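Enquirer: Give the three-dimensional model of this entry:
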Amino acid sequence: MEITNVDVTKVSTESWGEFVEFPLVTVMSKFDEYNNADGDNPQARRKWMGPVGDVVVEVKTDAGITGIGVGNWATGSIETIVEETLSKLIVREDPRERERLWDTMYRATIPFGRKGAAVEAISAVDLALWDIAGKEVGKPVYELLGGPVKEEIACYASNLHPVDHEKLEREALDYAEKGFDAMKLRFRYGPEAGRVGMKENEKIVRTVRNAVGDDIAVAGDAYMGWNVRYAKKMVKRLERYDMEWIEEPVIPDDIDGYAEVREASNVPISGGEHEFTRWGHKELIERGAVDILQPDVHRCGGLTELLRIDAMASAHDVPVVPHSGTNPHLHFIAASTNSPMAEYFPIPEWYAERESEKKSTYADAIYANPPQAEDGVIPLPDGVGLSSEVNREALEHHEVE
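Expert: Just a heads-up that it's a prediction; the model follows:
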């Protein structure tokens, strides 16, 4: 089998819906122009995220098999890297030689890569190659990874945006009633809001904890929006709420800061969704920066690299809970003894009432068969390959020229 050509489609951040406009702390919240903590600047995140959110890569073969992979983040440069560099390396090659092709792509992009868009581009191509592998033998990819180690995949409800406390309480209760025994909230403020913001962040956690009781795991996401001094103070305030983890308390390159926060905290610290390759995650593990690793298969180097990251994390007894719950992640989790659960983005009832035509969230809008949770679990993915077929109508609608 031989690769014949590679097609790339850029997808607008509009496909992510209004969720990107909700108030929460982010890595850019220190700048007034990009801060939407109070909900009065709904375009704040769109301004710095850019027009392109996902990039769909389709690798075609002379056997009539097309593999689909997605690179994730708000940049169209993934398209340029795939078309100008990666496609020239893989066309006329055997798509089954994934290890060699991965190494070829990584080494060829070192002068301008190693992290960021170049590795995200490699991720998309690598996922497409795994999709081809599954389709060729007529099996789901988790069967190629050694077979499933669980009958279904536990997941946590990951929305709980702090639009207001009444809606937040209602949403948390709804998730608990739907069978989720774990959920993740978003913090609203960072250091720029001072002690008042700290009190509000604590109130968000208190609202959710009081709503669902002590038997539900509650995590919180700071999305890189705190600094070390602030994070250390904040985690002390939150210890009383028995949180499952606090995610990305500082910027990803401040690994020493991560370790300092973790050392000062009785709440587990998680991170890794903005880290790249086995080498980046090796630093997080060996320097004691995280209790939970959260790589994203669409960013970290694809499934080939995620398997290496997981093996390394397992050797250090660090669980892997991937960022986002796309089908490629589900195949990985299904076959991993070190990955206990998936992230899942249910649509809040209050949001569904307002936007009744919404059938998906920003996490799955372009997929033809997005995963669906019931009673807090997701069934193993159906179909062959990575179950990543796209919704052609949605793809055409959200395509960026």
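Enquirer: switch to C-alpha atoms for all contacts and neighbour counts from now on
Expert: OK.
Enquirer: Look up how far V52 lies from the nearest residue to H298 once chain neighbours are set aside.
Expert: Nearest residue to H298 in three dimensions, chain neighbours excluded: G71, at 4.9 Å (CA to CA, 6 or more residues apart in numbering). Applying CA to CA, to the nearest Å, the value for G71 to V52 is 11 Å.
Enquirer: who's in contact with the residue nearest to H298?
Expert: 54-57, 78, 120-121, 123-124, 298-299 (CA atoms under 8 Å, 6 or more residues apart in numbering).
Enquirer: Could you report the separation of the closest residue to I122 other than its chain neighbours from A368?
Expert: Among residues not flanking I122 along the chain, G301 sits closest, at 5.8 Å (CA to CA, 6+ apart). Remark: distance between G301 and A368 (CA to CA) = 23 Å.
Enquirer: For the two, indicate the residue with more neighbours.
Expert: Shown here are G301 and A368; by other CA atoms under 10 Å, G301 has more neighbours (33 against 16).
Enquirer: these two touch, right, the more buried one and F276?
Expert: Yes: the pair G301 / F276 is scored as a contact, 6.7 Å apart, by CA atoms under 8 Å.
Enquirer: sorry, back to before: tell me the secondary structure at the residue nearest to H298.
Expert: G71 falls in the strand class when you classify it by DSSP: H, G, I helix; E, B strand; the rest coil.
Enquirer: where in the stretch 151-300 of the chain is pLDDT low?
Expert: For the stretch 151-300 of the chain, no stretch is flagged by pLDDT under 70.
Enquirer: Which single helix of this protein contains the most residues?
Expert: As assigned by DSSP state H, the longest helix anywhere in the chain is helix 117-137.
Enquirer: Show me what the helix or strand following that helix packs onto, helices and strands only.
Expert: Following helix 117-137 in sequence order, the next helix or strand is helix 141-144 (DSSP states H and E). Judged by 3 or more CA pairs under 8 Å, 6 or more residues apart in numbering; DSSP states H and E, helix 141-144 is in contact with helix 117-137, helix 327-335.
Enquirer: Please identify the most buried of the ones you listed.
Expert: helix 117-137 (a mean of 27; mean count of other CA atoms under 10 Å).
Enquirer: Let's see that helix as PDB, backbone CA atoms only.
Expert: The C-alpha coordinates for helix 117-137 follow below in PDB (Å, rounded to 0.1, in the frame of the first residue of the first chain):
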ATOM      1  CA  ALA A 117       2.200  23.800  15.400                       C
ATOM      2  CA  ALA A 118       4.800  21.400  13.800                       C
ATOM      3  CA  VAL A 119       4.000  18.700  16.400                       C
ATOM      4  CA  GLU A 120       0.300  19.300  16.000                       C
ATOM      5  CA  ALA A 121       0.700  18.800  12.300                       C
ATOM      6  CA  ILE A 122       2.600  15.600  12.900                       C
ATOM      7  CA  SER A 123      -0.200  14.500  15.300                       C
ATOM      8  CA  ALA A 124      -2.800  14.900  12.600                       C
ATOM      9  CA  VAL A 125      -0.900  12.900  10.000                       C
ATOM     10  CA  ASP A 126       0.000  10.200  12.600                       C
ATOM     11  CA  LEU A 127      -3.700   9.800  13.600                       C
ATOM     12  CA  ALA A 128      -4.600   9.400   9.900                       C
ATOM     13  CA  LEU A 129      -2.000   6.600   9.500                       C
ATOM     14  CA  TRP A 130      -3.500   4.800  12.500                       C
ATOM     15  CA  ASP A 131      -6.900   5.200  11.000                       C
ATOM     16  CA  ILE A 132      -5.700   3.600   7.800                       C
ATOM     17  CA  ALA A 133      -4.200   0.700   9.800                       C
ATOM     18  CA  GLY A 134      -7.500  -0.100  11.500                       C
ATOM     19  CA  LYS A 135      -9.500   0.300   8.300                       C
ATOM     20  CA  GLU A 136      -7.100  -2.000   6.400                       C
ATOM     21  CA  VAL A 137      -7.700  -4.900   8.800                       C
END
